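> This is a predicted model, with the sequence first.
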Amino acid sequence: MDGETRVDILRVEDPPRLDGPLVVPSTLSKSLERIVAERRASSRLAKAGLAPAKSVLFLGPPGVGKTMAARHIALQIQVPLLVVDLAALISSLLGRTGNNLKQAFAFAQHRPCVLLLDEIDAIGKRRSDDSDIGELKRLVTVLLQELDLWSGKNLLIAATNHPELLDRALYRRFDETIRFPLPSANELEVLGHALVGNRDVLPMEWLDLLVRIDHQHSHSDFVRDLNRLRRSYFLGGRQEAVQVVTSLLATDANISMDDRKRIAVFLHRHANLPQREASALAGVARETLRTALRLENADGK
């Protein structure tokens, strides 16, 4: 713990707990599986004069599963997850921050674990950044030294939403760098079906609608919107659900025209909105909706 504030520097998750399924692209899933496989085969690797990756850097926007992936790895290799609390780490007396960092690393070195440095850009900014004071630049040097001294007996994972802020020397300290993209529509659909199940109060067509609205958003944004939609449908039925969809459409300008047409068709057919209202909410011309309806009717025949 921090000697000044008496606040814990590390949060221990034993065992780590997943809030839902980890849904990521197959290439990313294989990278995570390889890290787990290396850890499980560390003894066999050692006999061949090899060692598993000791440090991995996760890059990607907020809410795409970086922290969940760290929990998943710790669960798979059956060790606790130790999460560095950066708010506690960065002491009000900046000279103590480097000591706090060393203390966190030393604690993690002496017990089986996965150590997670989340939002590492908070302590690993480029030393050429003139907006930072000298003490924070010295903290980057301490971080580099600790990474060099990391034994590899345990796995160290660092994650950042802002890779452009990291000091270049940090990248060379990690054995692997894994990028987490925004989820595809198919991945959101898989995630949604896993969370909702077959007996949920929310009809499946509303889930499909939300995928079209949120398909350029993160996993966490989609889960938040899905739970909001489920609550609204449960308490107020279709009318309340339409209000949620209306607010989501009003705040998202990145929905493609094809998806907007499908959303308009849904609002008219499944939410029973008049064509004028459905087209207005979806942001398409009324004639565009009429054309989409005619095409759908023709396909149905």
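Structure's in. What do you need?

> Any buried residues in the particular helix or strand that has L28 in it, and which?
Using DSSP states H and E, L28 sits in helix 26-40. By 16 or more other C-beta atoms under 10 Å, the buried positions in helix 26-40 come out as 28, 31-32, 35-36, 38-39. All C-beta spots, glycine's among them, are computed from the backbone N, C-alpha and C.

> buried sites along whichever helix in the chain runs longest?
In the chain, with assignment by DSSP state H, the single longest helix is helix 219-250. Buried residues in helix 219-250, counted by 16+ other C-beta under 10 Å: 219-223, 225-226, 229-230, 232-233, 241-242, 244-245, 248-249.

> quick one: the helices in this structure?
In the chain, the helices defined using DSSP H lie at 26-40, 42-47, 66-76, 86-89, 97-109, 134-149, 168-171, 185-196, 204-214, 219-250, 257-269, 275-282, 286-300.

> Comparing these, which comes out most buried?
helix 66-76 (a mean of 22; mean count of other C-beta atoms under 10 Å).

> relative orientation of that helix and helix 26-40 in degrees?
Calculated by axes from the mean of the first three to the mean of the last three C-alpha atoms, to 10 degrees, helix 66-76 forms an angle of 40 degrees with helix 26-40.

> returning to that earlier point: avg pLDDT for the longest helix of the chain?
Across helix 219-250, the average pLDDT comes to 93.

> name the helices or strands packed onto that helix?
helix 185-196, helix 204-214, helix 257-269, helix 275-282 (3 or more C-beta pairs under 8 Å, 6 or more residues apart in numbering; DSSP states H and E).

> Identify whichever of the ones you listed lies nearest to R173.
helix 185-196 (30.6 Å; C-beta to C-beta).

> Between helix 257-269 and that closest one, find me the angle.
Here helix 185-196 runs at an angle of 40 degrees relative to helix 257-269 (the same axes, to 10 degrees).

> avg pLDDT for helix 185-196?
Summarised as a single mean, pLDDT over helix 185-196 is 92.

> Please name every helix or strand in contact with that helix.
So helix 185-196, by 3+ C-beta pairs under 8 Å, 6+ apart, packs with helix 204-214, helix 219-250.

> Check the offset of the shortest one from the chain's centre.
Yep, that's helix 204-214 we're talking about. The chain centre lies 20 Å from the centre of helix 204-214; the measure is C-alpha atoms, centre = their mean, to the nearest Å.

> Then the last one?
Taking the mean C-alpha point of helix 219-250 and that of its whole chain, the gap between them comes to 21 Å (C-alpha atoms, centre = their mean).

> related to what we said a few turns ago, so can I have JSON lines of the buried residues of helix 26-40 showing pLDDT and distance to H215?
Compiled in JSON lines, these are given as follows (pLDDT from 0 to 100; distance: C-beta to C-beta, whole Å):
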{"residue": "L28", "pLDDT": "97", "distance to H215": "17"}
{"residue": "S31", "pLDDT": "97", "distance to H215": "23"}
{"residue": "L32", "pLDDT": "97", "distance to H215": "23"}
{"residue": "I35", "pLDDT": "97", "distance to H215": "28"}
{"residue": "V36", "pLDDT": "97", "distance to H215": "29"}
{"residue": "E38", "pLDDT": "96", "distance to H215": "33"}
{"residue": "R39", "pLDDT": "96", "distance to H215": "34"}
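
> Show me which of those residues is closest to L22.
Nearest to L22 among those: L32, at 8.0 Å, using C-beta to C-beta.

> what residues are up against the closest one?
Counting by C-beta atoms under 8 Å, 6 or more residues apart in numbering, L32 makes contact with 24, 69, 72-73, 178.

> Make a markdown table out of those and add pLDDT.
A markdown table is the format used below for the contacts of L32 (pLDDT from 0 to 100):
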| residue | pLDDT |
| --- | --- |
| V24 | 94 |
| A69 | 97 |
| H72 | 97 |
| I73 | 97 |
| I178 | 97 |
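
> Give me the contacts around stretch 173-185.
Identification of contacts with stretch 173-185 by C-beta under 8 Å, 6+ apart yields 23-25, 28, 31-32, 35, 53-61, 64-66, 69, 144, 147-148, 158, 171, 191, 211-212, 215-219, 222.
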